[in-house]
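Engineer: following is a predicted model, sequence given first.
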Amino acid sequence: MPLRTVLLSLGSNLEPRRERIHEAMTAIAAEILSDCRPSSLYETDPVGYTDQPAFINAALVGTTDLEPEEVHRRCKALEVRLGRTKRERWREREIDVDVILITDVVIGTDALEIPHPRMQERRFVLQPCAEVAPFMIHPILGRSVEDLLARCPDTSAVKVVDSPPVLSPHAHP
């Protein structure tokens with residue numbers, strides 16, 4: 001499997017939000033991706049169901065030789081390990097880790113969609129992603145993350161609340 005760049009979006013709106021994001025990033029750097037670069041942490045308004053706490057969102061970019069399905073499986077297993085509880089769609093989350101882009105990968109199955117099908121509509125995804133991977137190209141739309149952010153119809157508030165966490169550099173197996 002060739003080495004591919006992976007762009008992930010992370011979110012949490014149940015305390016301790018920042019600690020959960022840091023813990024997820026640390027685990028991803030240790031177990032899923034190499035050469036990770038985290039974004040700043042952003043506070044964002046909830047989308048969909050709005051009667052819930054604000055989110056902390058972030059992005060993480062790194063590389064892997066894992067198959068896209070395995071990256072997704074490991075991210076979902078990490079969510080469970082960090083205490084994610086199953087709830088109705090759009091509701092509160094202890095932690096959410098979504099695969100946004102993987103280099104030139106396009107997958108459209110019931111279990112997995114890459115690129116993330118709504119990424120271009122969500123400022124809370126695009127702003128952190130543009131910080132760490134502005135020139136990464138959406139393989140279907142043919143636009144960079146930076147360009148998608150500039151064209152994003154979502155006008156919800158997305159503000160930096162913390163600098164990027166420091167992750168230990170290493171190469172995992």
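Structural biologist: Here it is on my side, so go on. Numbering: from 1, shown residues only.

Engineer: can you pull out the helices in this protein?
Structural biologist: Ranges of helices in the chain, per DSSP state H, are 17-31, 68-81, 123-132, 145-151.

Engineer: out of these, the one nearest Val97 is which?
Structural biologist: Closest to Val97 of the helices of the chain is helix 68-81 (Cβ to Cβ; 4.2 Å). In short, each C-beta sits where N, CA and C put it, glycine included.

Engineer: now the closest one against helix 17-31, angle please.
Structural biologist: 140 degrees (axes from the mean of the first three to the mean of the last three Cα atoms, to 10 degrees).

Engineer: how close does Val97 get to Ala150?
Structural biologist: Val97 is 26 Å from Ala150, where distance means Cβ to Cβ, to the nearest Å.

Engineer: just to revisit the earlier point, could the helices of the chain go into a markdown table alongside distance to Gly108?
Structural biologist: A markdown table is the format used below for the helices of the chain (distance: least, Cβ to Cβ, whole Å):
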| stretch | distance to Gly108 |
| --- | --- |
| helix 17-31 | 24 |
| helix 68-81 | 12 |
| helix 123-132 | 18 |
| helix 145-151 | 19 |
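
Engineer: winner for burial among those?
Structural biologist: helix 123-132 (a mean of 24; mean count of other Cβ atoms under 10 Å).

Engineer: elements contacting it?
Structural biologist: strand 4-12, strand 41-44, strand 55-64, strand 96-102, helix 145-151, strand 158-162 (3 or more Cβ pairs under 8 Å, 6 or more residues apart in numbering; DSSP states H and E).

Engineer: again, 10 Å this time
Structural biologist: strand 4-12, strand 34-38, strand 41-44, strand 55-64, strand 96-102, helix 145-151, strand 158-162 (3 or more Cβ pairs under 10 Å, 6 or more residues apart in numbering; DSSP states H and E).

Engineer: give me the mean pLDDT for stretch 79-91.
Structural biologist: In this model, stretch 79-91 has a mean pLDDT of 86.

Engineer: ok, back up a step: and Arg91, which of the helices of the chain is closest to it?
Structural biologist: Per Cβ to Cβ, nearest to Arg91 of the helices of the chain: helix 68-81, 14.2 Å.

Engineer: starting at the chain centroid, how far to that closest one?
Structural biologist: Offset of helix 68-81 from its chain centre (Cα atoms, centre = their mean, to the nearest Å): 12 Å.

Engineer: good, wrapping up.
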